[in-house]
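Dropping the sequence and predicted coords here.
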Amino acid sequence: MRHPVRHPGRKLVTAFVRRGLIAEYGISWLLPRLIGTGRALDLLLSGRIVKGHEAHDLGLVDFLAEPVLDAAVSYAADLVTHCSPSSMQVIKEQVYRDLDRSFEAAVADADRLMLDSFRYPDAAEGVKSHLEGRPPAFRPLDPR
């Protein structure tokens, strides 16, 4: 049975990727277990804002968008415009690695990765662009 959304205007966001950071505090371990790997990757890789009604539909959030192709193109454009490629790469690795290990191990790894991420240009650019109210200019991934 579905319950009414009490505060549909409230929002949640996992903005790490938009600041050039990685998933911290074990969220890459916890979120896939709560809402599934695909949904967790969606929220973690996009860093998008999720409003109350969407969060409710997910269990945290399930979403349907029409027309589907327009929504997919819009989503991809948002990733390209606002999200750090290196953060998305690390977060994706975290999510899959953390599927098979303990919460404690995921948190310890996230702590190490977060400290590492502070040294990379994307973290500085993510924060600077946010403070300046402009889209970030993240560097592309090294195609090794």
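Good, I have the coordinates. None of these values were measured; they are calculated from a predicted model.

Could you pull out the buried residues of the helix or strand of the chain with the lowest mean pLDDT?
Counting by mean pLDDT, DSSP states H and E, the weakest-scoring helix or strand in the chain turns out to be helix 52-58, with a mean of 75. Using 16 or more other CB atoms under 10 Å as the test for burial, helix 52-58 gives 52, 54-56, 58. No exception for glycine: its C-beta is placed from N, CA and C like everyone else's.

starting at the chain centroid, how far to it?
Averaging C-alpha positions (CA atoms, centre = their mean, to the nearest Å) puts helix 52-58 16 Å from its chain's average.

Against which helices or strands is the helix or strand encompassing Asp109 packed?
Counting by DSSP states H and E, the element that carries Asp109 is helix 103-117. Counting contacts by 3 or more CB pairs under 8 Å, 6 or more residues apart in numbering; DSSP states H and E, helix 103-117 packs against helix 27-35, helix 85-98.

residue nearest the centroid of this protein?
Centroid-nearest residue in the chain: Leu44, 1.7 Å away (criterion: CA atoms, centre = their mean).

how about it, secondary structure?
Classification of Leu44 by DSSP: H, G, I helix; E, B strand; the rest coil places it in helix.

Correct me if wrong: it contacts Glu24.
No - using CB atoms under 8 Å, Leu44 is not in contact with Glu24; the gap is 10.6 Å.

how long is stretch 130-138 from one end to the other?
For stretch 130-138, the first and last residues are 12 Å from each other (CA to CA, to the nearest Å).

what comes up buried for that stretch?
Across stretch 130-138, burial judged by 16+ other CB under 10 Å covers 136, 138.

next one: stretch 111-130
Buried residues in stretch 111-130, defined by neighbour count with 16+ other CB under 10 Å: 113-114, 117, 120, 122-123, 125-127, 129.

And for stretch 30-40?
In terms of neighbour count (16+ other CB under 10 Å), stretch 30-40 has its buried residues at 30-32, 35, 39-40.
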